[in-house]
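K.L.:
Structure, please.
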Amino acid sequence: LARTEHMFLGERLPDVQLMLLGSLTGNNELRDRAIREIIPKQKEDFIGLFEAMHGLPVIIRLLDPPLHEFLPKLDDGKRIKELASETGKTEDEIRAILKEISEENPMFGYRGVRLLLHFPEIARMQARAIIEAAIEAQEKGIKIHPEIMVPVVAEPKEFAKMRGIIREVAETVMRERGVKVNYKLGTMIEISRAPLLADKIVEEGAEFFSFGTNDLTQSALGASRDDIARFIPLYVAKRIYPVDPFKTVDHSSVGALIALTRQFARGIEVGICGEHGGDPVTIGLLYSADLSYASASPFRVPITRLSAAQAEIKENRGEEVTPDVLKAIKTAQRLKDEVIPAVRQGKALVAPRRISLRLSVATKQEASTAVISGIKAIDLNLTRIILENPEVLLPLRKAILIGMATNNIEVLDATLLEFRENLKRTLSDIVGDA
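P.N.:
Below is the predicted model:
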């Protein structure tokens, strides 16, 4: 599995920045000039991959990360000045562009297929480099098996649009060169919506799936891999989670989604990539779910091979799978056979019942409005109540700071008591008004 964003760094980064700025500003001449510089370098990389992997499959993932990872930071005055000169923009205009593309949560934002659909010239550039490299490697007598992966697909129509772009470029290059090459087109499953629509993505022409289990775990658990260190050890210690779900796939959620996708995608290649690919327990689940392969970082490959061999031996001996693996597979089967077809047909999964209207409130005014308008019940929004009432927020903030900075239990208890009493008074006022 080749992650092409790594090929865009180092001495190539200036050309990539010009390509992106050309796309962002509508300067097609600048964009195309930069692309002409990048294509030969990308092609050289891909030829090298095909040569090294002579006769073996090579999955090439198209550009995945968000834009800000390639563009300079706002405080990089030197590079901003250089880009202003090269693009004909002012430094303030360059800074304005950088601010505009900044995101609150970039890993779930403007990246992968979303970025490629907005700037299809990037996908066209990469597709051309891959197909030209495949042709030239094939002409050298190298056996090639290129597979092009579209990242972050969550909707079948996204894949259909990208398939059209890539196929068009591939056919154009093959017609120009008078040579035919075979290649596969697939996607990375890393958004939890995608497994529920895996059969529809196959219908749109996907020829393989690869699970990006790191991002799929973030999506399924609503937890950032970069921030989990603050609570995962506590969760494991209290047996909320049996293990760290970023080290061993969580069977109840991600495991079930993997098994569901395989059941939806019989007949095509399905595997995983990410740190989970080197985890022995995860490999056991993947074997039971009938996945095709696991992709792991180099130092994990021996563990992955050994774990796969052990899983096969257990199956040959007739050993039963563990209860959690069996549960994940059964959950997937029920989703595929009962739940998803019913939802798609608009059928009710439970007996219909009357829905009562409630109002989420955080102030006396809102409580009064709810009663006047005939709302029969209210939900107290504690977060807003705390944040919007300084007499409640300040002692809580003080307690958090004391708890983090000192071990003074007496002061902490007194501060928490003040917080509790202030919150109680505020709640009483709101409830009384209702």
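K.L.:
Where do the helices of the stretch 201-350 of the chain begin and end?
P.N.:
213-221, 232-237, 256-264, 280-288, 301-316, 323-334, 340-344 (DSSP state H, counting those that start in this stretch).
K.L.:
Oops, could you answer that again for the stretch 1-150 of the chain instead?
P.N.:
Counting by DSSP H, counting those that start in this stretch, the segments of the stretch 1-150 of the chain that form helices are 13-25, 28-52, 77-87, 91-101, 112-118, 120-139.
K.L.:
Comparing those, which comes out most buried?
P.N.:
Mean neighbour counts were taken over the helices of the stretch 1-150 of the chain using mean count of other Cβ atoms under 10 Å, and the top value, a mean of 22, falls to helix 120-139. From N, CA and C alone the C-beta is placed, and that goes for glycine too.
K.L.:
Give me the helices and strands touching that one, please.
P.N.:
Helices and strands touching helix 120-139, by 3 or more Cβ pairs under 8 Å, 6 or more residues apart in numbering; DSSP states H and E, are helix 13-25, helix 28-52, helix 112-118, strand 145-150, helix 156-177.
K.L.:
how does it look with 6 Å?
P.N.:
helix 28-52, helix 156-177 (3 or more Cβ pairs under 6 Å, 6 or more residues apart in numbering; DSSP states H and E).
K.L.:
Tabulate those in CSV, adding columns for mean pLDDT and distance to Ser288.
P.N.:
Shown next, in CSV, are the helices and strands packed on helix 120-139 (pLDDT from 0 to 100; distance: least, Cβ to Cβ, whole Å):
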stretch, mean pLDDT, distance to Ser288
helix 28-52, 91, 32
helix 156-177, 96, 27
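K.L.:
still on that earlier bit, can you tell me which of the helices of the stretch 201-350 of the chain is packed in deepest?
P.N.:
Most buried of those, by mean neighbour count (mean count of other Cβ under 10 Å): helix 256-264, with a mean of 25.
K.L.:
Packing partners of it?
P.N.:
Helix 256-264 packs on helix 193-196, helix 198-203, helix 323-334, going by 3+ Cβ pairs under 6 Å, 6+ apart.
K.L.:
can you pull the alpha-carbon coordinates of the longest one into CSV?
P.N.:
Listed next in CSV are the C-alpha coordinates belonging to helix 323-334 (Å, rounded to 0.1, in the frame of the first residue of the first chain):
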residue,chain,number,x,y,z
PRO,A,323,-17.6,-15.5,21.5
ASP,A,324,-16.9,-11.9,20.7
VAL,A,325,-15.8,-12.7,17.2
LEU,A,326,-18.9,-14.9,16.8
LYS,A,327,-21.1,-12.1,18.1
ALA,A,328,-19.6,-9.6,15.6
ILE,A,329,-20.3,-11.9,12.7
LYS,A,330,-23.8,-12.6,13.8
THR,A,331,-24.5,-8.9,14.3
ALA,A,332,-23.3,-8.3,10.7
GLN,A,333,-25.5,-11.1,9.4
ARG,A,334,-28.6,-9.6,11.1
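K.L.:
Run through the neighbouring helices and strands of it.
P.N.:
With contacts defined as 3+ Cβ pairs under 6 Å, 6+ apart, helix 323-334 has these neighbours: helix 256-264.
K.L.:
Report the contact partners of Phe264.
P.N.:
Listed by Cβ atoms under 6 Å, 6 or more residues apart in numbering, the contact set of Phe264 reads Ala198, Asp199.
K.L.:
Could you rerun that using 10 Å?
P.N.:
Contact analysis of Phe264 by Cβ atoms under 10 Å, 6 or more residues apart in numbering lists 195-202, 209, 270, 332, 335-336, 340.
K.L.:
wait, which of these is closest to Asn316?
P.N.:
Val270 (21.9 Å; Cβ to Cβ).
K.L.:
any idea how far Pro390 is from that closest one?
P.N.:
54 Å (Cβ to Cβ, to the nearest Å).
K.L.:
who has more neighbours, the two?
P.N.:
Val270 (24 against 11; other Cβ atoms under 10 Å).
K.L.:
For the more buried one, which residues are in contact?
P.N.:
Here Val270 is in contact with 186, 189, 198, 208-211, 258, 261-262, 264, 286, 289-293 (Cβ under 10 Å, 6+ apart).
K.L.:
what's the answer for Ile94, then?
P.N.:
When contacts are counted by Cβ under 10 Å, 6+ apart, Ile94 touches 21, 25, 71-72, 74, 79-87.
K.L.:
Save the helices of the stretch 1-150 of the chain as a markdown table, and put in distance to Pro298 too.
P.N.:
Shown next, in a markdown table, are these (distance: least, Cβ to Cβ, whole Å):
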| stretch | distance to Pro298 |
| --- | --- |
| helix 13-25 | 25 |
| helix 28-52 | 13 |
| helix 77-87 | 33 |
| helix 91-101 | 33 |
| helix 112-118 | 24 |
| helix 120-139 | 23 |
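K.L.:
Any idea how many residues pack against the nearest residue to Pro120 once chain neighbours are set aside?
P.N.:
Spatial nearest neighbour of Pro120, chain neighbours left out: Ile165 (5.3 Å); criterion: Cβ to Cβ, 6 or more residues apart in numbering. Counted with other Cβ under 10 Å, residues neighbouring Ile165 total 17.
K.L.:
Distance-wise, check Ile165 relative to His118.
P.N.:
Applying Cβ to Cβ, the value for Ile165 to His118 is 12 Å.
K.L.:
Likewise for Leu387?
P.N.:
Using Cβ to Cβ, Leu387 is found at 35 Å from His118.
K.L.:
mind checking which of the helices and strands packed on helix 256-264 is nearest Lys398?
P.N.:
Taking the helices and strands packed on helix 256-264 one by one with Cβ to Cβ, helix 193-196 is closest: 41.7 Å.
K.L.:
what sits up against the closest one?
P.N.:
152-156, 158-159, 187-189, 200-201, 209, 211, 216, 219-220, 254, 256-265, 332, 335-336, 339-340, 343-344.
K.L.:
Please apply the same query to stretch 16-31.
P.N.:
Counting by Cβ under 10 Å, 6+ apart, 5, 7-9, 32-38, 63, 67, 70-72, 79, 82-84, 86-89, 93-94, 97-98, 100-101, 115, 118-122, 125 sit against stretch 16-31.
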